Every structure is written in structure tokens, then in C-alpha cells.
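Novice: this is a predicted model, with the sequence first.
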Amino acid sequence: MKAPKFTVANLPFNPKNKAEAYARGILYNGKANDNLTEVEFNFMYDYFQQFHHDFETKNGVGINYFTRTLSPYGNLQFELVRIDGSQDDISFIISNISKTNDRNDLVKALRNTIAQQIYDFRDKEFNGRFYITCPYTNQAATLDNHHVDHETPTFKELTDNWIQEKNITDFNGLVEPNKLPYTLLNQNLAEDFYQYHKTHAKLRILSKRGNLSNARVDK
């Protein structure tokens, strides 16, 4: 039998996307605001240490614990809490964390640029309502369990179109280095995309299953 190519917290994986699938299982083994168990923490710490290209920055003064939180779009995500109390979200997707990708970093910064629009839309839609019926699944999407989704165009289409319109071909130096959340250095660009998104984005509330399955098939 071949020796495993990757070992995370003494668990063998081959190829490494099986380690990613294991990490995804840990993420969805709880709900928002649930802290990882000691066993889960040990796995994820070793996982990030091996696969995250910027683990030293993420680690900082040392990680106290990992927890699960909701992103602005209602997705479960990992968040780390350091010994000094500072916090950061941290992706477990290997293609996103294995190396620096300037274009991907720009897209992340663009997402953060319009985060307030997502919050405002969510608050407006749930104002006085206990739930919203998902158009895909007919499930009740609640304030604590929902996704804010870009219908048409998708967020990728929006960012691709904006990047093309702005004729951006060099992505180096657009995002502030060593700072989380990802932040555009050029405030004029940030304001431009903020207004572009406000004009062109069509948002909707989906259930968790609707966003992770049905809506993704359509896209």
C-alpha cells in the first residue's frame, strides 16, 4: 500500500482535496457561533499550518480557538480568535489558500467593499418578517439561517464585467498587503465598484440548501 501523500493531525489523505473535504465536514458539524472541539481544533490548526500560504500572518500572536460564524452571505465559515482577542475569518478551500492570487484577492476586497449593501438588503427583507420562503426549495429562510444570493448577474459576472470595463489587467498592488479583511488601496476604485454593484446587483434571500445546491446548478 502506498504511503499517504499528506498527513494532517496524524490522519492520512491522498490526494489533498480529501483533507479539504474532511475540513468541510468539520465546518458543517456545527452551527454558527459553535466553537470547534479540541480534536477539531488540532486538525484545523495543522491543516492551516500546512496548506495556508499566509498562516504566519493568520496565526499572529497565537490562535486561542476556532469558531464557526456566518459570512455576510449567510454561509458558514471558520473564524479564528487569537490569544490577544483579535479575530479573522479564514478560508479552508485549498485553491484559495495555497498561494497568493492577486486577482482573487481583488475579488475578495470587492466583496468586502459591498458588504454593507448585503447587510442593508438582509435587514430590509427581514424587517417585520420571521421568515422568507426560498424560491427554490420552499423552505423557510430565517434571519439566523439564510443566504443572500446574487441572482442575475452573479457576483462573478459582476466583478468580471467591472474589471473589463475598468480595463484592469495588472492586479498586483490593488489590495492592501497583510491586512484583513481584504481592502482596496484605491478609494476611488472602491467607491466606483460600490456604485456599480448598487446599480447592477439583483439580490435575493435563499435557504441554505437552495443556495448550496439548486442556485449553483443554475449558475
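Specialist: Cool, got the structure. Residues are numbered from 1 along each chain as shown.

Novice: per-residue pLDDT, Thr113?
Specialist: If you check Thr113, the pLDDT there is 95.

Novice: skipping its backbone neighbours, what lies nearest it in space?
Specialist: Ala190 (5.0 Å; Cβ to Cβ, 6 or more residues apart in numbering). All C-beta atoms are positioned from the backbone trio N, CA, C, and that covers glycine.

Novice: count of residues packed around that neighbour?
Specialist: 17 (other Cβ atoms under 10 Å).

Novice: thinking Pro15 is in contact with Lys5, fair?
Specialist: Yes: in terms of Cβ atoms under 8 Å, Pro15 counts as a neighbour of Lys5; the distance is 6.6 Å.

Novice: kindly provide the distance from the residue nearest to Thr113 to Lys18.
Specialist: 38 Å (Cβ to Cβ, to the nearest Å).

Novice: on that earlier part again, wait, is the residue nearest to Thr113 part of a strand?
Specialist: No: according to DSSP: H, G, I helix; E, B strand; the rest coil, Ala190 belongs to no strand; its state is helix.

Novice: please name the residues that touch it.
Specialist: Residues in contact with Ala190 (Cβ atoms under 8 Å, 6 or more residues apart in numbering) are Ala109, Thr113, Leu184.

Novice: distance-wise, check it relative to Asn33.
Specialist: From Ala190 to Asn33 the distance is 30 Å (Cβ to Cβ).

Novice: okay, and the helix or strand of the protein with the least pLDDT?
Specialist: helix 215-218 (a mean of 46; mean pLDDT, DSSP states H and E).

Novice: can you pull out the low-pLDDT segments for the chain?
Specialist: Low-confidence segments of the chain (pLDDT under 70): 1-4, 178, 180, 211-219.
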